[in-house]
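1. let's see this in three dimensions:
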Amino acid sequence: MPVAKRPGGPASLRLVSKFPHPRPSICASPPGLDAGDVVEAGVDAISITAFTCPDVGDGDFDADGDVDLADFAGLQGCWTEVGLSPACAPGDLNGDDALDTVDLEIFTLILTGP
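-> Prediction:
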C-alpha cells in the first residue's frame, strides 16, 4: 500500500457516537486523500469547539437501571412503530429519531443480562 505524503491542510474530525455507547470513535478526513491511503501525521495545534449532541436513548425501557431482556421486549414493541413516540425513545441509541438495525446492534452491546 502506498504511503501518502502530501502537504497539510486541516483535517476535519467528528465524533461519530456518544458516550455511554461502547464504541465511540473519531473520524478524520484529511483533504486530498483517497480511500486506502496511509497517512503519516503530527498535530501542531488543536481546537475544541463546544457543540450539542443529539439526545439518545439508553436502552432502559423499564427504567430499572439496567438493560436486559425486559428492555428488549420494549425494543421489540417499538420496532414496527411509524415515527418515534416518547415511549420508544429509550431505543433510539444513535440519536437518529428512528429504530433500526444500528440501534439493535448497539443494544446487543449494552445488554447486561436476563
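
2. the closest residue to Pro90 other than its chain neighbours and Phe51, how far apart?
-> Sequence neighbours aside, Gly57 is the residue nearest to Pro90 in space, at 4.1 Å (criterion: Cβ to Cβ, 6 or more residues apart in numbering). Every C-beta, even on glycine, is put in place using the N, C-alpha and C of the backbone. Gly57 sits 20 Å away from Phe51, taking Cβ to Cβ, to the nearest Å as the criterion.

3. give me the more crowded residue out of these two.
-> The residue with more neighbours, out of Gly57 and Phe51, is Gly57; 21 against 7, by other Cβ atoms under 10 Å.

4. which pLDDT value belongs to the more buried one?
-> In this model, Gly57 is scored at 92, pLDDT.

5. what's the answer for Leu15, then?
-> 45.

6. so who does the residue nearest to Pro90 touch?
-> Gly57 is in contact with Ala89, Pro90, Gly91, Asp92, Leu93, Asp103, counting by Cβ atoms under 8 Å, 6 or more residues apart in numbering.
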